Structures are given as structure tokens and as C-alpha cells.
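Engineer: okay, predicted coordinates and the sequence, questions at the end:
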Amino acid sequence: MRTYWKPLLFASALLTLMVAVQLSAPKPLDWEPTFTSMDKNPYGSYILCSRLFELFPNQKIIIMQKSLYEFFTLSKDNDFQPEWYLDDERQQKANLIMINRYLDLDSLNTQMLLGFVSAGNSAFLAASNFGNLLADTLCLKMRNSIWAPFRALSDSDTLLTNFSFAAHRRALPYYFPRIREAYVFSSFDSMRTTVLGIDDAQRPNFIRVQFGAGAFYLCSNPYLFTNYHLLSEDGAEYVAKALSYLPVQETLWDEYYKSVKLSQSPLRFVLENDTLRYAYYLALLGVVLFIFVEGKRRQRAIPTVLPPQNSALEFVETVGRLYFQYGDHKDLAEKKIRHFLDFIRTHFYLTPVSFSAEFYTMLSEKSGVALQEIEQLFRLIEHANRSSALSEDELLRLIDAIEQFKTTIASRANAEHALPKSN
């Protein structure tokens with residue numbers, strides 16, 4: 001042990017240093033766009049969702065974690081109006097905020113969204129694509145103005161945008177760096193659409209579309225509403241002004257239609273932290289190895305299962321000793337007779353069995369046994385049936401006659417199936 005203590009000490013110190021460096025190293029930023037209210041990464045929406053109560057003071061903020069169809073439950077009379085929308089005394093309105101990279105809803109949920117807005121509510125949607133069904137209904141077409149999804153972002157990937165109306169427009173446009181992609185509205189229905197925002201090339205990227213008694217507020221750049229841009233002065237001011245178009249009322253925040261849905265498991269914190277995640281996986285691996293090693297070492301011996309033995313001979317000997325001990329020859333003869341008559345019925349199809357000359361002739365023809373032997377056998381059977389008791393000699397003669405009948409049948413069958421001898 002004295003020979004190896006220095007190398008072991010050096011290896012332990014080196015391992016401890018590596019672990020300390022790994023733990024103290026800064027965690028790299030995750031630039032994956034999630035737009036979820038629980039994500040604090042640059043492209044999450046934690047800041048915006050947590051500050052909605054300032055934009056809509058004294059109003060209820062509801063986190064919607066179900067689809068529109070599931071959330072908008074039908075009323076008792078099956079009219080299209082959700083439960084939270086109805087009140088016995090007044091009609092309650094609400095805002096709906098949906099922010100994601102793509103909002104491609106199916107036909108059922110699109111109809112739910114259109115019905116919600118048509119009833120007099122407001123929907124604020126920020127996405128690079130609103131889906132074919134919603135876009136066709138609102139007569140929208142879009143095209144990209146910035147497209148850099150496959151290269152590393154830099155501060156040169158910027159977006160300049162501003163509002164159209166003087167109440168919100170600034171002299172200098174709002175500056176948004178590190179924009180991966182940006183879209184503009186290339187076509188829309190001018191009769192019911194109002195342009196609220198434009199980019200530096202005067203192309204609309206924020207519009208209001210009147211629909212029924214309500215309105216859609218559509219922004220083509222969802223990245224403007226993420227944590228990274230809300231930390232800047234331009235970003236916070238732009239988002240506050242954009243959402244100020246919504247009336248101050250109860251607001252629904254969508255958490256269901258997201259590109260990446262964060263897990264609600266209690267292990268979420270452990271799995272998001274690299275160090276804790278590695279420790280968790282290492283503990284699971286240790287438990288599996290422990291079960292495998294200990295289970296293999298302490299496994300009980302598999303017992304030897306012997307094949308079942310043929311005890312027919314012992315059974316016959318036991319039955320024979322039983323009848324020999326009690327000497328009940330009459331009972332044994334009756335059992336042998338019943339078994340023999342059943343043999344005749346099943347092999348020669350002679351039913352019923354009778355003690356007549358015609359029956360003996362038919363049995364002789366089918367079995368090939370001489371008629372005299374058959375008549376002698378059935379005389380023994382009749383004698384055994386009429387007698388109240390049988391001696392041992394009478395029982396043996398009956399059994400021998402029955403066995404002789406079966407032996408003759410068997411020899412005849414073997415002769416019929418034997419191969420002819422070659423000359």
C-alpha cells in the first residue's frame with residue numbers, strides 16, 4: 001500500500017479539481033425558442049407572463065393549459081358560449097394572448113377561436129405562421145424579411161420596427177438584436193384591417209383585423225415578446241404599447257399551443273440542471289447494478305423437476321390386490337362384461353348387443369371369429385349375469401374367453417395390413 005499512495009493521492013486530487021471546475025463553469029444559454037411562461041431562457045416568456053397583472057390591473061389572469069375546445073366548455077343549453085363567459089347579471093368579455101413560433105390550429109379549434117372573437121372578445125396572436133385555416137378566413141398572406149435559422153445568431157441580425165399611429169410611434173424605431181427570423185404581412189383585407197406597426201421598410205408587421213363583434217391583433221414577430229428583448233428598454237416599451245391595444249379586462253394566457261412543452265413533473269428542476277441530472281442518472285445506474293449483482297448472487301437454486309412417472313402398473317397391481325383380498329369375483333366379472341360389450345359397440349357398430357343367434361352371426365362375420373367361439377363366450381357371459389356369485393375358476397374362464405376373442409381380432413388385423421412377401 002505504501003508504494004501506491006502517492007499516485008492514488010494525485011489521481012484523487014485531480015478528480016476533485018475536475019469536478020470543482022465543472023461545477024463552477026457557467027452554464028451556456030439555451031437559445032431554443034419555447035415561448036412558455038415557465039422558461040427563463042432568452043426565448044421563453046417568463047417575464048411577460050409574470051408582468052401581465054401590471055398591463056391589466058385588477059383583472060384576473062388565467063393560464064390556459066388546455067386546447068381551445070377543451071377550455072371553452074359548452075353551456076347548459078348547448079349554445080356556443082363558455083361557462084366563464086356567461087354571468088347571470090352581466091356579459092363578461094376577455095382577452096386571449098397566444099404567442100408561439102407557429103399557431104397552426106386544426107379546424108375545430110380554429111372555429112372555437114373565431115367564435116370567441118366574433119362574440120366580442122379580443123385575441124392577441126404573435127406568430128410567424130398562423131396556419132392555413134385562420135389565414136384563409138382572415139385573408140392573410142405573409143413572407144419573411146429575415147431568415148437565419150441555421151447559423152449562429154449575432155448582434156448584426158437586427159429588426160427595426162415602429163408603430164403606425166402617432167400616439168405610439170417614436171422618432172427612432174425600436175431596435176431588436178439577435179432576431180433569428182422575421183415576417184411581414186404581404187396581403188390582407190384592407191376593408192377590415194388596420195395597420196398598427198411597420199418595419200424599417202414600411203412593411204406591416206402588426207395589424208388589427210375586425211371580426212364580428214371582436215378583433216384579432218396579429219403580430220408577425222413572436223420573438224419580440226420573449227425574455228431576451230423584454231430586458232431591454234426598447235423591448236419593454238414596445239411590448240407594453242403593443243398590448244395596450246387590448247382592453248383592460250380578464251385575460252387568458254395560452255400555455256398549450258407551444259413548440260416545446262415544459263414538463264410539470266417534480267423532477268423538472270433536477271433534469272434541467274446538468275449536475276443534478278448526471279447525479280440522478282448515476283444513482284439510477286447504481287441501483288440497477290446493485291439489483292443485478294445482488295439478485296444474481298442471492299438467487300435461490302432452481303429445484304429439479306422430475307418427469308411424471310408411469311404408475312399404471314402399480315395401479316393395476318393395487319386394484320388386483322383389492323379384488324383378491326375381498327374375493328368379489330361377481331363384481332369384477334360385471335365390470336369386465338360391461339367393458340367387453342362397449343368394445344363390441346365401438347369397434348363393430350352393433351347396437352344393441354343381444355343374446356340371439358342373429359347377433360352372434362353378425363358379430364362372427366364382422367370380427368372373423370368362429371361362430372362357435374362367440375356362442376361359447378356369450379354363454380359364459382349369460383352364466384355370469386344370472387349367477388349371484390362366481391368362483392375364481394369361473395371368473396378366470398370368462399376372462400380367458402374375452403382375451404382370446406380380442407387376440408383373434410388383433411391377429412386378423414395384423415395379417416390384413418401385412419406387406420406381401422417378395423418372390
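Structural biologist: Arrived safely, thanks for sending.
Engineer: from here on, just use CA atoms for contacts and neighbour counts.
Structural biologist: Will do.
Engineer: for residue 14, what is the enclosing helix or strand?
Structural biologist: According to DSSP states H and E, residue 14 maps onto helix 5-24.
Engineer: now do the strands in the chain.
Structural biologist: 61-64, 94-99, 122-126, 141-147, 159-163, 174-176, 181-187, 193-199, 204-211, 214-219, 250-254 (DSSP state E).
Engineer: of all those, which lies closest to residue 229?
Structural biologist: strand 174-176 (6.9 Å; Cα to Cα).
Engineer: partner strands of that closest one, with direction?
Structural biologist: strand 159-163 (antiparallel) (DSSP bridges).
Engineer: give the rounded mean pLDDT of the partner strand.
Structural biologist: When pLDDT is averaged along strand 159-163, the result is 93.
Engineer: next: stretch 220-240.
Structural biologist: 94.
Engineer: please compute how far it lies from its chain's middle.
Structural biologist: Computed by Cα atoms, centre = their mean, to the nearest Å, the chain-centroid distance of stretch 220-240 equals 39 Å.
Engineer: ditto for stretch 117-129
Structural biologist: Distance of stretch 117-129 from the chain centroid (Cα atoms, centre = their mean) equals 33 Å.
Engineer: related to what we said a few turns ago, lowest average pLDDT across the strands of the chain?
Structural biologist: Looking at the strands of the chain, the bottom one is strand 141-147 with a mean of 82.
Engineer: the spatially closest residue to residue 224 that is not a sequence neighbour: neighbour count?
Structural biologist: Nearest residue to residue 224, sequence neighbours excluded (Cα to Cα, 6 or more residues apart in numbering): residue 235, at 6.8 Å. Using other Cα atoms under 10 Å, residue 235 has 19 neighbouring residues.
Engineer: and residue 235, what does it touch?
Structural biologist: Residue 235 is in contact with 174, 175, 176, 224, 225, 229, counting by Cα atoms under 8 Å, 6 or more residues apart in numbering.
Engineer: so what touches stretch 124-140?
Structural biologist: 95-107, 110, 141-142, 182-183, 185-189, 209, 216-222, 243, 246.
Engineer: mind listing what's buried along it?
Structural biologist: The neighbour-count check on stretch 124-140 (16 or more other Cα atoms under 10 Å) flags 124, 125, 126, 127, 128, 129, 130, 132, 134, 138, 140 as buried.
Engineer: same deal with stretch 213-229?
Structural biologist: 214-229.
Engineer: same question, stretch 57-64
Structural biologist: Within stretch 57-64, the residues that count as buried by 16+ other Cα under 10 Å are 61, 64.
Engineer: got a quick PyMOL command for the buried subset of the contacts of stretch 124-140?
Structural biologist: Listed next is the PyMOL selection for buried residues among the contacts of stretch 124-140, using 16+ other Cα under 10 Å:
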select buried, resi 95+96+97+98+99+100+101+102+103+104+105+110+141+142+182+183+185+188+209+216+217+218+219+220+221+222+243+246
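Engineer: close enough to count as contact, residue 244 and residue 52?
Structural biologist: No. Residue 244 is not in contact with residue 52 according to Cα atoms under 8 Å; the separation is 11.1 Å.
Engineer: who has more neighbours, the two?
Structural biologist: residue 52 (17 against 13).
Engineer: please give me every residue in contact with that one.
Structural biologist: Taking Cα under 8 Å, 6+ apart, we find residue 52 in contact with residue 61.
Engineer: and if you look at the one 4 residues further on?
Structural biologist: Residue 56 makes contact with 248, 249, 250, 251, according to Cα under 8 Å, 6+ apart.
Engineer: got JSON lines for the residues you listed, with distance to residue 17 too?
Structural biologist: Shown next, in JSON lines, are the contacts of residue 56 (distance: Cα to Cα, whole Å):
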{"residue": "248", "distance to residue 17": "56"}
{"residue": "249", "distance to residue 17": "56"}
{"residue": "250", "distance to residue 17": "54"}
{"residue": "251", "distance to residue 17": "51"}
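Engineer: how about CSV for these, with distance to residue 46 and neighbour count added?
Structural biologist: What follows is the contacts of residue 56, written out as CSV (distance: Cα to Cα, whole Å; neighbours: other Cα atoms under 10 Å):
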residue, distance to residue 46, neighbour count
248, 21, 16
249, 21, 18
250, 19, 17
251, 16, 24
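Engineer: out of those residues, flag the one nearest to residue 367.
Structural biologist: When the contacts of residue 56 are compared for distance to residue 367 (Cα to Cα), residue 251 comes out closest, at 99.5 Å.
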